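Q: Pasting a predicted model and its sequence here:
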2 protein chains.
Amino acid sequence: MFMRIDHIGIACNDLEEKIALFSELFELEVVAREVNEEQGVKEAMLRIADADGGGSYIQLLEPLSPDSPVGKFLAKRGEGVHHVAFGVPDVAEAMSKIGDKGVRLLDERPRHGSMDSKIAFLHPKDVGGMLTELVQAAKS
Amino acid sequence: MFMRIDHIGIACNDLEEKIALFSELFELEVVAREVNEEQGVKEAMLRIADADGGGSYIQLLEPLSPDSPVGKFLAKRGEGVHHVAFGVPDVAEAMSKIGDKGVRLLDERPRHGSMDSKIAFLHPKDVGGMLTELVQAAKS
């Protein structure tokens, strides 16, 4: 079901500052930047590895407002790992399989993710306390 | 410097329960179990992907005692993501490069990690709030 660890989503207060830090420390290249109004974030993807079917990234997330999900996370927990995303071949199929096992899906249907991927989130309480994202990468 | 996301380390109260959950939900195979007295944990590695130079895993961690680092994490934060590990070709070289950039290393020299890897931890406050592990996989 899982093909790769697609990305680690890290919540931060200042996107530009953290892009500079991570790219400098770990010699990572920024391959995408976008604003996702629906999720209330501006974000950047730093590439770790490429592979057929999708790569692996560090995703840096700055909230667009304090009352967005990432804004609330920062207020409660501070900067750090917000979620973990796993690559799947077909996100709708994975949602169906996992939902059938009793895991609560936070999305009724796949929505738009970074770099034209299709994504869905699983309830952290049903997955060992980890906010879990499923990612179907865009066809290259 | 980074070749892959090596693993997500997830702190849990009951290793056997969480092995059953993760392997069932996500169709993952347990490829290693071990007790690491030095780190105060018993753990299991669930394989997500294989690759030259090292694979990608979910690592489940149960503390051996409440006063171990993972025990204290659980008491403070509850179950969830404890750390993130990135694969490097040579952990001593990566420690040196990253240490020279001002990041505090939590280990003076590489120590023993899962599946005979060599590992070192970086101070989370210097890496955007993420407890970060460097992993040099054992030669296969």
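A: Happy to help now that I have it.
Q: Helices along chain A, start to end?
A: Using DSSP state H, the helices found in chain A span residues A:15-26, A:69-77, A:91-100.
Q: Just give the nearest non-adjacent residue to residue A:58, would you?
A: Spatial nearest neighbour of residue A:58, chain neighbours left out: residue A:46 (4.5 Å); criterion: C-beta to C-beta, 6 or more residues apart in numbering or on different chains. C-beta coordinates here come from the backbone N, C-alpha and C atoms, glycine included.
Q: For that neighbour, name its beta-bridge partners.
A: residue A:30, residue A:58 (DSSP bridges).
Q: just to revisit the earlier point, let's have the helices of chain A in a markdown table, adding distance to residue A:119, mean pLDDT and mean neighbour count.
A: What follows is the helices of chain A, written out as a markdown table (distance: least, C-beta to C-beta, whole Å; pLDDT from 0 to 100; neighbours: other C-beta atoms under 10 Å in any protein chain shown):
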| stretch | distance to residue A:119 | mean pLDDT | mean neighbour count |
| --- | --- | --- | --- |
| helix A:15-26 | 19 | 98 | 17 |
| helix A:69-77 | 14 | 97 | 16 |
| helix A:91-100 | 7 | 98 | 17 |
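Q: out of these, which comes closest to residue A:62?
A: Residue A:62 sits nearest to helix A:15-26 of all those, at 3.9 Å, using C-beta to C-beta.
Q: packing partners for the closest one?
A: strand A:29-36, strand A:41-49, strand A:56-63 (3 or more C-beta pairs under 8 Å, 6 or more residues apart in numbering or on different chains; DSSP states H and E).
Q: could I have the last one exported to CSV, CA atoms only?
A: So the one you mean is strand A:56-63. What follows is strand A:56-63, C-alpha atoms only, in CSV (Å, rounded to 0.1, in the frame of the first residue of the first chain):
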residue,chain,number,x,y,z
SER,A,56,10.7,12.3,-0.8
TYR,A,57,10.7,15.8,0.7
ILE,A,58,10.8,18.0,3.7
GLN,A,59,7.7,20.2,3.6
LEU,A,60,7.8,23.5,5.5
LEU,A,61,4.5,25.0,6.5
GLU,A,62,3.7,28.5,7.7
PRO,A,63,0.1,29.3,8.7
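Q: pLDDT score assigned to the closest residue to residue A:137 other than its chain neighbours?
A: Excluding its sequence neighbours, the residue lying closest to residue A:137 (C-beta to C-beta, 6+ apart) is residue A:54, at 3.2 Å. Each residue has a pLDDT score; the one for residue A:54 is 92.
Q: so residue A:54 makes contact with residue A:88?
A: No. Judged on C-beta atoms under 8 Å, residue A:54 makes no contact with residue A:88 at a distance of 9.2 Å.
Q: Within range of chain B, give me the residues from chain A.
A: Selection of chain A residues close to chain B by C-beta under 8 Å from any C-beta of the partner chain yields A:1-5, A:7-8, A:10-12, A:18, A:21-22, A:24-28, A:48-49, A:51, A:56, A:60, A:78-81, A:84, A:86, A:98, A:101, A:103, A:124, A:127-130.
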